[in-house]
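[1] next come a sequence and a model predicted from it.
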Amino acid sequence: MLDETTHYKLLKLLEAQPQLSQRQLSLELGVSLGKVNFCIKALIDKGFIKATNFRNNKNKLAYMYLLTPRGIEEKVAITVRFFKWKMQEYEALQAEIEQLRREVVSEDQPSE
């Protein structure tokens, strides 16, 4: 799920801020610049994003990463899978907390 999680977060960031540099994306995601570069290339190869050149205020060549229609569809699909995965984690955590609560309550009961 790690790669899909990274792709989900990357697509979400790029949809909101397509002008972010790979370095900025790396900082936002908390992953290495190399991993961002690898993921960007993979998303471009799959046709989910396209990179367009533009010049920013400092006259440096930069890229803007735009989600393609196919990329938007993929983001929706990943979002659904991500949500289901997080709900499973949440439900498992709730069950674990309830089990711990029962253990604490039973340990607090005086022995007869």
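    On my side now, so go ahead. Numbering: from 1, shown residues only.

[2] ramachandran coordinates for residue 20?
    phi -60, psi 140 (degrees, to the nearest 10).

[3] before we move on, which element is the residue nearest to it when sequence neighbours are not counted in?
    In space, and not counting its chain neighbours, residue 20 is closest to residue 13: 6.4 Å by Cβ to Cβ, 6 or more residues apart in numbering. In short, each C-beta sits where N, CA and C put it, glycine included. Assigned by DSSP states H and E, residue 13 falls within helix 2-16.

[4] so which residues make contact with that helix?
    20, 25, 28-29, 31, 35-36, 39-40, 42-43, 48-49, 65-67, 71-72, 74-75, 78-79, 81-82 (Cβ atoms under 8 Å, 6 or more residues apart in numbering).

[5] filter those down to the buried ones.
    Buried residues within these, defined by neighbour count using 16 or more other Cβ atoms under 10 Å: 20, 25, 29, 31, 35-36, 39-40, 43, 48-49, 65, 67, 71, 74-75, 78, 82.

[6] tell me which of those residues fall in helices.
    Among these, DSSP state H puts 25, 29, 35, 36, 39, 40, 43, 71, 74, 75, 78, 82 in helices.

[7] and the residue nearest to the first one when sequence neighbours are not counted, what is it in contact with?
    Okay, so that is residue 25. Ranked by Cβ to Cβ, 6+ apart and with sequence neighbours excluded, the top spatial neighbour of residue 25 is residue 36, at 4.9 Å. By Cβ under 8 Å, 6+ apart, the contact set of residue 36 is 10, 22, 25, 26, 29.
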